[in-house]
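Q: Kindly generate the corresponding structure for this input.
(one chain, ligands or ions: 1)
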Amino acid sequence: MESYTFSLTALGLFVVVLGVRRYLTRISVRHVPGPPSESFVFGNLADVHQNEAGETDFKWQDLYGGVVRFKALFGEDRLLVSDPKALQYIYQTSGYHFPKIPEKQEMAKIMTGTGILWAEADVHKRHRKVMLPGFGSHEAKSYFPIFLHHADQISMKWKDIIMTSADQSAVLDMPDWASRAMLDAIGEAAFDYSFGAMEDVDNELSKAYYNLLADTLGAVNRSKAALIMQNLWAYLPLSVLNYVTSNSKSPIFTHARATERVANRVAKELVDAKSEAHLQGKGAKDIMSLLVRANASEDPRTQLSNAELYAQMRTLMLAGHETTASTLSWALLELSKNQEVQRRLRAEIWEKEEEIGGRELRPADVDSMPYLNAVLKETLRFHPVSPLNHRMSGRDDVLPLSKPIMGTNGEEIHKLPIPKGMRLVLSIAAYNRNKDVFGEDADVFNPDRWLSGDLTSSVNVGVYSNLLTFAGGIRACIGFRFALVELQAFLAEVVGKFEFYPTPQSEKIRREPSGVMIPTITGESEKGAQLPLLVRVAAKDD
Ligand code: HEM
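A: Take a look at the predicted model:
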């Protein structure tokens, strides 16, 4: 008995010594500079998640450099990263060694299921391999007529409203219109499905997705309780977390679960119809049909299960419509504030229309419009609708840096060792304002920067124009070409036909971090996305 007690005590001591040794030899980031903690319990979490998107990141990047240490709950260190080389390493060179954060993935799972946004490592590789063929440049361009058609639907509605108004103008809420048009566009292009959102048809799927992101991911940005709760999840086993997400009565989860039920049912109906068409040899060219063919594949490397198939549809709905809708809204806000930019863009669109005679615009036409593309790139740079990405280090690692940072011990840090499990906040917003990459006026909206040919950087980070808006590397936005073609079509259509002016409310716009960065009116965040602009029909002087 005595020897048993002795063995147990010795084992206990051994475990404690091992734990202490591990703690003491753990790589420390304590010399990385950063802001003082606001409080031991909350750290700086409110600064990072509850200010306007980018506000804290820009300030800290200027004050401390491209890697900033800040505090999460109970003194936990986290890093905010905007240094180009460090980001390149995390996204590209060492992508699968920086997985997403488990508690955030649990949120991704309730919103999209076990699809590509949620998947990690080999499962992610398989999803990506199956989906990539649907998202090439050729495929994206083939949807251009669909996008133009849905942009034209907006135009017709706006014209009706404006023409019947007393002073031939109307105040229109951009995100509401853009969101419905983009939902219809993705429905048709990706699923060959009509949401009928523009026609206000009582479609339960479009109703289910309404404000989903704001209710779920946006909760941490509005409420301190939600912010603490979601950060406490880091300390819970995944099984407990899973129980919470499946049973909690909080609106954060009830909205997501209700959407899941409707979306899975519609996805199943669609998949059944498309499988039938596939069996009969009638292949359609929408993305869902491509995935259904993968579902029927015999090869496990390119196969998707039914659950994965439904999840991809939910992923594309979520990732593929509020993102583009918000980007269009931000573009129109900037054009309303910069009337000269708006006039130049319209002049280019009209010139192109004259050049092509009466025919409809084609992808090659919009590709050959330098100012349109400069305005688009500048909007994506200035207002990246996914301003933060979250990752953790899967192993002890070393981050390379483009520029040394001055450690709190007075020594320059040229490479930064980080321990396994370190949570990283990757600031897309701050990288996009990096003066070394985008010039001294990076904080100004200036489409001309894209026309001067001066934007060369030795470190390529992003998947498009060296912007980080669509992220980079192995998990870069799979739909970025799709988004670009869609935004080209919508901008050419609405700016060619209408003039946009600011309103008193548009002077109070807040960049709301709400899963997707949406425009809200200061003091009215709980109402969700709002951006009222004054709109008139653009008349050509003959
Ligand atoms: C302006 C529009 C868009 C922006 C700014 C944007 C941005 C992003 C970003 C930053 C990521 C990386 C997320 C992460 O790794 O944590 C991402 C991933 C993704 N995006 Fe987009 N996106 C846009 C439009 C679209 C569209 C139109 C689609 C589909 C039609 C789409 C589908 C996806 C998918 C499926 C992923 C996951 C890719 C993977 O994990 O391999 N996105 N997007």
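Q: Just give me the neighbour total for Arg395.
A: 11 (other CB atoms under 10 Å). (Glycine included, C-beta is placed from N, CA and C.)
Q: I'd say it and His97 touch.
A: Yes. In this structure Arg395 lies within contact range of His97 using CB atoms under 8 Å: 5.9 Å.
Q: List the contacts of Leu361.
A: Phe144, Leu148, Lys352, Glu353, Ala489, Ala492 (CB atoms under 8 Å, 6 or more residues apart in numbering).
Q: Within range of the ligand, give me the residues from the stretch 51-200 of the chain.
A: Counting by CB under 6 Å from any ligand atom, the residues of the stretch 51-200 of the chain lying close to the ligand are Ile116, Leu117, Arg128, Ala190.
Q: Quickly check those residues for the two that are furthest apart.
A: Arg128 and Ala190 (16.3 Å; CB to CB).
Q: Mind putting the residues of the stretch 51-200 of the chain next to the ligand into a markdown table with neighbour count, secondary structure and pLDDT?
A: Converted to a markdown table, those look like this (neighbours: other CB atoms under 10 Å; DSSP: H, G, I helix; E, B strand; the rest coil; pLDDT from 0 to 100):
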| residue | neighbour count | secondary structure | pLDDT |
| --- | --- | --- | --- |
| Ile116 | 23 | coil | 96 |
| Leu117 | 23 | coil | 95 |
| Arg128 | 16 | helix | 95 |
| Ala190 | 26 | helix | 90 |
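Q: now stretch 413-427, how far from the chain's geometric center?
A: The chain centre lies 22 Å from the centre of stretch 413-427; the measure is CA atoms, centre = their mean, to the nearest Å.
Q: And that stretch, what's buried?
A: By 16 or more other CB atoms under 10 Å, the buried positions in stretch 413-427 come out as Ile413, Leu416, Ile418, Met422, Arg423, Leu424, Val425, Leu426, Ser427.
Q: Which ones among those lie within strands?
A: Ile413, Leu416, Ile418, Arg423, Leu424, Val425, Leu426, Ser427 (DSSP state E).
Q: In CSV: the residues you listed, plus distance to Thr324.
A: Formatted as CSV, those follow (distance: CB to CB, whole Å):
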residue, distance to Thr324
Ile413, 39
Leu416, 35
Ile418, 34
Arg423, 29
Leu424, 27
Val425, 24
Leu426, 21
Ser427, 22
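Q: what's the longest strand in the chain?
A: Per DSSP E, the chain has its longest strand at strand 397-406.
Q: Over that one, what's the mean pLDDT, rounded is fine.
A: For strand 397-406, the mean pLDDT works out to 96.
Q: Enumerate every residue touching Gly523.
A: Lys508 are the contacts of Gly523 under CB under 8 Å, 6+ apart.
Q: mind checking the SS state of it?
A: With DSSP: H, G, I helix; E, B strand; the rest coil as the basis, Gly523 sits in coil.
Q: For the remainder of this discussion, apply numbering that starts at 41.
A: OK, 41 is where the count begins now, so the last one is Gly563.
Q: The residue most central in space within the chain: what secondary structure?
A: By CA atoms, centre = their mean, the chain has its centre lying nearest to Ser426, at 3.2 Å. What three-state DSSP gives for Ser426 is coil.
Q: Quick check, it in contact with Thr363.
A: Yes. Contact criterion CB under 8 Å: Ser426 and Thr363 qualify, at 7.0 Å.
Q: Looks to me like Arg109 is in a strand.
A: Yes. Counting by three-state DSSP, one finds Arg109 located in a strand.
Q: can you list the residues of the stretch 341-490 of the chain near the ligand?
A: Thr355, Leu356, Ala359, Gly360, Thr363, Thr364, Thr367, Val425, Ser426, Asn429.
Q: can you do 8 Å?
A: Taking CB under 8 Å from any ligand atom as the contact definition, the stretch 341-490 of the chain meets the ligand at 352, 355-356, 359-361, 363-364, 366-367, 420, 424-426, 429-431, 468.
Q: For PyMOL, write a command that selects the buried ones of these.
A: In PyMOL syntax, the buried subset of these is picked out as below (16+ other CB under 10 Å):
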select buried, resi 352+355+356+359+360+361+363+364+366+367+420+424+425+426+429+431+468
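Q: Compute the number of surrounding residues for Gln270.
A: Neighbour tally, Gln270, other CB under 10 Å: 19.
Q: any idea which helix or strand comes after the lowest-mean-pLDDT helix or strand in the chain?
A: Counting by mean pLDDT, DSSP states H and E, the weakest-scoring helix or strand in the chain turns out to be helix 42-65, with a mean of 63. Going down the chain from helix 42-65, the next helix or strand is helix 85-90, by DSSP states H and E.
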